[in-house]
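Q: Dropping the sequence and predicted coords here.
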Amino acid sequence: FNELTGSYQRLVYILIEDQQYSEAEKWIVKGIRDIGGKWPGVEKSLRESMLEIRALQKNWPGAAAIRIDNFVGYPSEKAYAECRESSGKAGVWPQVREHLIAYLETGANPWEQKNWPLPETGLPETDFTQGSDYPMVQELIEVAIFEKDPEMILYWYDRLPGKRYTCRGLFEDRVADSVSDHAPERAVAIWKKLAEREIAQVKPKAYREAARYLHRAQRIMAKQKKSAEWEEYLQGLRTVHARKRRFIEILNGLEKKPIVKRKR
């Protein structure tokens, strides 16, 4: 092994295969410190190796601590799910969840809050989120979607920071879908907004995307027995966008689609 080549990961793999876990941990820590953020991919791989060691040792609190560290570095729905799984094995998920939500809302690191139930990671500290804005609204929405909590989805959706926020398309579509049973009128309003945003681009591709959103709204309105109100809305679109012939063609095609597939 030559430290100058930075081939820490190969050495760590060998040590883990030989079940020399303490030695592997030593080189993981040294590698992360020596890399110092120069090779993020290698550093991530080394952190994953430490997580692997914790799992092999069935050290679930230690594994959970690393998952939380990863989440703080790169908050996402997937990372949150991993935190829940590992913290559940450690028997501390309710406490950890409370600290993670507080982190997303305020920026206070989970392990610096009162009554933190997990040990230290044993890894060098890394400030991944320097400069992040709090509350982290998109991440809080993703957590609420993961937990199937439509009230919290809408609570945070209504607090998106306007022009500074670049939330578009698929994400808002997912928000609407996640609240469609709980608050159908909100889902329809979101899909209408998305459709109108696409129409404003004055492009055939955008018109087709608008039709997709409109079709989803149409199905909800039909379930709510508000077809007459929906037809009035479509007539308004026709009037406003009468000169956009391609859009009108697509809109006419939308009306011909069955709202609910018939059973054979």
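A: Thanks, I have the structure now.
Q: tell me which helix or strand of the protein sits lowest on mean pLDDT?
A: Within the chain, judged by mean pLDDT, DSSP states H and E, the helix or strand with the poorest mean is helix 245-256; its value is a mean of 87.
Q: And it, what's buried?
A: 247, 250-251, 254 (16 or more other CB atoms under 10 Å). C-betas here are computed from N, CA, C, even on glycine.
Q: so what does that helix touch, helix or strand wise?
A: helix 204-223, helix 227-240 (3 or more CB pairs under 8 Å, 6 or more residues apart in numbering; DSSP states H and E).
Q: Pick the most deeply packed of those.
A: The highest mean neighbour count among those, using mean count of other CB atoms under 10 Å, belongs to helix 204-223: a mean of 18.
Q: Rounded mean pLDDT for that helix, please.
A: The pLDDT scores in helix 204-223 average 95.
Q: Show me where this protein has its helices.
A: Ranges of helices in the chain, per DSSP state H, are 8-17, 21-35, 40-56, 60-73, 77-89, 93-106, 137-146, 150-157, 170-179, 184-199, 204-223, 227-240, 245-256.
Q: would you turn the ones you listed into TSV with distance to Lys114?
A: Below are these laid out as TSV (distance: least, CB to CB, whole Å):
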stretch	distance to Lys114
helix 8-17	35
helix 21-35	28
helix 40-56	25
helix 60-73	16
helix 77-89	17
helix 93-106	9
helix 137-146	21
helix 150-157	23
helix 170-179	32
helix 184-199	36
helix 204-223	44
helix 227-240	51
helix 245-256	54
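Q: mean pLDDT for those helices: which is lowest?
A: helix 245-256 (a mean of 87).
Q: How far off centre is that one?
A: Centroid separation between helix 245-256 and its chain, computed with CA atoms, centre = their mean, to the nearest Å, is 34 Å.
Q: can you give me the angle it makes with helix 227-240?
A: 170 degrees (axes from the mean of the first three to the mean of the last three CA atoms, to 10 degrees).
Q: got the contact list for helix 245-256?
A: 199, 204, 207-208, 210-211, 214-215, 218, 234, 237-238, 241-242 (CB atoms under 8 Å, 6 or more residues apart in numbering).
Q: one step back: ok and the least confident helix or strand of the chain relative to helix 204-223, angle-wise?
A: Helix 245-256 and helix 204-223 are oriented at 30 degrees to each other (the same axes, to 10 degrees).
Q: Can I get helix 245-256 as CSV, trimmed to CA atoms?
A: C-alpha atoms of helix 245-256 as CSV (Å, rounded to 0.1, in the frame of the first residue of the first chain):
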residue,chain,number,x,y,z
ARG,A,245,-54.4,25.6,-32.5
ARG,A,246,-52.1,22.8,-31.6
PHE,A,247,-53.1,23.1,-27.9
ILE,A,248,-56.8,23.2,-28.8
GLU,A,249,-56.3,20.0,-30.8
ILE,A,250,-54.6,18.3,-27.9
LEU,A,251,-57.3,19.6,-25.5
ASN,A,252,-60.0,18.2,-27.8
GLY,A,253,-58.2,14.9,-27.8
LEU,A,254,-58.1,14.9,-24.0
GLU,A,255,-61.9,15.2,-23.8
LYS,A,256,-62.3,12.0,-25.9
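Q: the inter-axis angle of that helix versus helix 184-199?
A: Going by the same axes, to 10 degrees, helix 245-256 makes 150 degrees with helix 184-199.
Q: follow-up on the earlier one: ok, of the buried residues of helix 245-256, which one's closest to Lys226?
A: Leu254 (16.5 Å; CB to CB).
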